[in-house]
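Undergrad: Test case, fold it:
(chains A and B)
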There are 2 protein chains.
Amino acid sequence: MRDVLPDEVALRDWAMAQILAVYRRHGFVRIETPAVESLRLLLRSDGGENEKLIFKILKRGEKLQAAGRPDDMADLGLRFDLTVPLVRYYAHNHARLPQPLKAIQIGPVWRAERPQQGRYRQFTQCDIDVLGVASEVAEIELILATTEALAALGLKDLIVRLNDRRLLGAMVAHCGFDPARAGAVLIALDKLDKIGRDEVAAELREAGHPADAAGRLLELLGAVATPAALRTLLGSRADDGVWQGLQRILDTVAGQAAGRFRLAFDAALVRGMGYYTGPIFEIQHGDATSSIAGGGRYDRMVGKFIGRDVPATGFSIGFERVIGILMHRGSSAETDGPRVALVFDDTMDLAPVLGLARDLREQGRHVLLETRGKRLGKQLQDLEARGFRRIGVMGADGTVEWRAPRAAGTGETKA
Amino acid sequence: MRDVLPDEVALRDWAMAQILAVYRRHGFVRIETPAVESLRLLLRSDGGENEKLIFKILKRGEKLQAAGRPDDMADLGLRFDLTVPLVRYYAHNHARLPQPLKAIQIGPVWRAERPQQGRYRQFTQCDIDVLGVASEVAEIELILATTEALAALGLKDLIVRLNDRRLLGAMVAHCGFDPARAGAVLIALDKLDKIGRDEVAAELREAGHPADAAGRLLELLGAVATPAALRTLLGSRADDGVWQGLQRILDTVAGQAAGRFRLAFDAALVRGMGYYTGPIFEIQHGDATSSIAGGGRYDRMVGKFIGRDVPATGFSIGFERVIGILMHRGSSAETDGPRVALVFDDTMDLAPVLGLARDLREQGRHVLLETRGKRLGKQLQDLEARGFRRIGVMGADGTVEWRAPRAAGTGETKA
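TA: Below is the predicted model:
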């Protein structure tokens, strides 16, 4: 975990406000769940590897005294994503929520990973989800809203990749894998970008899958560039509805993209989580192979909580990655006009300086007050270096001497 | 802990944005610390009763295996306030921070309290702190910024109460208490508003303080309405600097209040935390006896971390109480213009409805898309009840039939 310094917080707040504004314009409403959930909930959530990374909270008082083994000493845990809490929230509150629910969630999640470059144990996720819509209208809205949010941050050169979990299942069966072991095949296939074809094939062979199935699958993935090509190969292994839905998403989203992003079918796209049941999608930026947003349909997750299936789709922005890109390109939060610093003598009556500050603030200016230190020149230089473009020094008589702003990078020309 | 429903989240986000905007105009910058800190830090922080309420996080892996007793099984904890993390943050990062630091913090804190009405185990705090300013200019700025932030939320009828910990110490000594036990006397005195004079006096007697000291103290508090009156009584027990500082804060802030709030010296104001060293203050709203904001100077806390004292002052808004007041009066988040809902048939080409939505969103409108359900009348009523003031039903030919908005509360007059 880490501290965030003021300039990065300003950028994060700005980015979050941009994303939130776009999502609200798209009719989504923000919800909030607590950071802490019951451990029982978190551990039965299909969270896969993430369940091993839960920060567990020690029981308290008598309950702790009564606990025998370490396994029995925790009752709560920090959430490791926003999807499990969303589903729990929907189950608890659905009578008081709009139907269908179009929810925004922005907040920290925690995973007890080994510390490594660029990975933190507390990080922010930014999700939108549609609960209660079975139509691919939901996927279309998620993709349009998320690409617009990323564009609002100045991110161009976006590619949306699209696939369907049911097609992956059909491909796995078509190539001769045991359909009952499809999940394990997909986990291996998901590493294709990172470790390459040979390693994936080796991993599948070693896991005891049929010897030639891996080769067939990798060959197929290399050969099919369009849904039509894949459909010819798979024949009746996938329903008409799957193809029609996929095509409707592709056509409709492409019609709205208007040059803001590219859209591509990608038969090799897997997405890690085990709970997806239909279309899956992710967004890449520029030449990076890792995604900056990802999501998909998970129609069978709510049913585990409320006993009847509720169709659900979600799209999550990797907020830390997006902030990393913005920091790397030197973006900074936009403020309204130049920031002002007023320096004054602490022994004077404060009314004139407070009055001037109030007037400037009423115009929307950010105004910093600083008492005059022993070395005024150094103090003014520091304020300039911190980005204050208007700096005034107030005398005891209430008059202000405004310091002429230096042209960026040129330094002072007069002594 | 609790879930927050969409309308309350919208109000909270709006209130937070208002407060943040005021604080930024006052030259404060937002910082962020992680929710989780080392338990060792949290337990040596002078946090008083709050230390007993820490949610402790179980060690992981080998470290957990090696731990013997429950006391040894946790290494991290959830923060119980924002002041302890601020001081740790300042100690770790001060070379990279503006000096003096004027910090905003907004975020959740956690306390393992017994659940009770209106108290939650996760709640939001909203603090500003000035680190590095010994002058009472810091107190003046904190009071002006905080009252302006509360006014921006529409809260009128605010009273700022002001006292000084050093005066409390002098009063306690003057009345015949043992100065070494001043802390315990103040803890009892802090309950005056809640339990009354007789109970406080009884508690002090039972704790073995001199029999007549309690009576003298309570009589004194009832008798002194101004700093001048108290100064006459205390004589040389408090330094000239204390009186001058207090008077400067009172005069300067009163000169800026301009009817937006009242300001009063209150010799009986204590504030709970043990770490205060100078001026202390809180804000009450209307007739409520409990405060909605509180703070003070804590000049000796940073020194415990970095070996040299750094003057520090802070003011914290009780965000949950403020939201409670706003909810109670039926406030809701302001949006830009009426929200629009577009209802359309899922079988149609989506391009027309997506195009219309895009146009409206580019004008800043919040636009919700909904596929037409089986019972259109009910659907439209639900949308109205949810606050959509413009509802359009799009036909397959792309034409929109706008539903005439009903006057609030009158119901339909035509069949």
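Undergrad: Just give me the neighbour total for residue A:55.
TA: Other residues lying near residue A:55 total 24 when counted by other C-beta atoms under 10 Å in any protein chain shown. The way it works is simple: take the backbone N, C-alpha and C, and place the C-beta from them, glycine included.
Undergrad: Residue A:128 - that's part of a helix, no?
TA: No - secondary structure of residue A:128 (DSSP: H, G, I helix; E, B strand; the rest coil): strand, not part of a helix.
Undergrad: And the lengthiest helix in chain A, what does it pack against?
TA: If you go by DSSP state H, chain A has its longest helix at helix A:6-25. Applying 3 or more C-beta pairs under 8 Å, 6 or more residues apart in numbering or on different chains; DSSP states H and E, we find helix A:6-25 packed against strand A:29-30, strand A:101-110, strand A:122-131, helix A:137-152, helix A:319-328, helix B:6-25, strand B:29-30.
Undergrad: buried stuff in the helix or strand of chain A with the lowest mean pLDDT?
TA: Across the helices and strands of chain A, mean confidence by mean pLDDT, DSSP states H and E is lowest for helix A:61-66: a mean of 80. Going by neighbour count (16 or more other C-beta atoms under 10 Å in any protein chain shown), the buried part of helix A:61-66 is residue A:64.
Undergrad: Pairing partners for the following helix or strand past it, with directions?
TA: The helix or strand immediately downstream of helix A:61-66 is strand A:74-78, counting by DSSP states H and E. Sheet pairing for strand A:74-78, assigned by DSSP bridges, gives strand A:36-38 (antiparallel), strand A:56-58 (antiparallel).
Undergrad: Between strand A:101-110 and strand A:74-78, find me the angle.
TA: Angle, strand A:74-78 to strand A:101-110, by axes from the mean of the first three to the mean of the last three C-alpha atoms, to 10 degrees: 110 degrees.
Undergrad: can you pull out the helices in the stretch 301-415 of chain A?
TA: A:303-306, A:319-328, A:351-362, A:376-385 (DSSP state H, counting those that start in this stretch).
Undergrad: From residue B:88, how far off is the nearest residue to residue A:110 once chain neighbours are set aside?
TA: Distances taken as C-beta to C-beta, 6 or more residues apart in numbering or on different chains place residue A:78 nearest to residue A:110, at 4.0 Å, with adjacent residues excluded. In this view, residue A:78 and residue B:88 are 20 Å apart by C-beta to C-beta, to the nearest Å.
Undergrad: cool, residue A:365 as well?
TA: Counting by C-beta to C-beta - residue A:365 and residue B:88 are separated by 32 Å.
Undergrad: what do you get for residue A:313?
TA: 41 Å.
Undergrad: Residue of the stretch 301-415 of chain A closest to chain B, please.
TA: residue A:368 (3.1 Å; C-beta to the nearest C-beta).
Undergrad: any low-confidence regions in the stretch 201-350 of chain A?
TA: A:334-336 (pLDDT under 70).
Undergrad: related to what we said a few turns ago, neighbouring contacts of the longest helix of chain A?
TA: A:4, A:30, A:104, A:106, A:124, A:126, A:128, A:145, A:148-149, A:152-153, A:317, A:319, A:322-323, A:326-327, A:331-334, B:13, B:17, B:20, B:29-32, B:97-98, B:103, B:335, B:361, B:364-367 (C-beta atoms under 8 Å, 6 or more residues apart in numbering or on different chains).
Undergrad: can I have it written out in PDB, keeping just the CAs?
TA: Extracted in PDB, the C-alpha atoms of helix A:6-25 (Å, rounded to 0.1, in the frame of the first residue of the first chain):
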ATOM      1  CA  PRO A   6      -1.000  15.900  -3.600                       C
ATOM      2  CA  ASP A   7      -0.400  16.300  -7.300                       C
ATOM      3  CA  GLU A   8      -1.400  12.600  -8.000                       C
ATOM      4  CA  VAL A   9      -4.500  12.900  -5.800                       C
ATOM      5  CA  ALA A  10      -5.500  16.000  -7.800                       C
ATOM      6  CA  LEU A  11      -5.100  14.000 -11.000                       C
ATOM      7  CA  ARG A  12      -7.000  11.000  -9.600                       C
ATOM      8  CA  ASP A  13      -9.800  13.200  -8.400                       C
ATOM      9  CA  TRP A  14     -10.000  14.900 -11.700                       C
ATOM     10  CA  ALA A  15     -10.000  11.600 -13.600                       C
ATOM     11  CA  MET A  16     -12.600  10.100 -11.300                       C
ATOM     12  CA  ALA A  17     -14.900  13.200 -11.700                       C
ATOM     13  CA  GLN A  18     -14.600  12.900 -15.500                       C
ATOM     14  CA  ILE A  19     -15.500   9.200 -15.500                       C
ATOM     15  CA  LEU A  20     -18.300   9.700 -13.100                       C
ATOM     16  CA  ALA A  21     -19.800  12.600 -15.100                       C
ATOM     17  CA  VAL A  22     -19.800  10.400 -18.300                       C
ATOM     18  CA  TYR A  23     -21.400   7.500 -16.500                       C
ATOM     19  CA  ARG A  24     -24.000   9.700 -14.900                       C
ATOM     20  CA  ARG A  25     -24.900  11.200 -18.300                       C
END
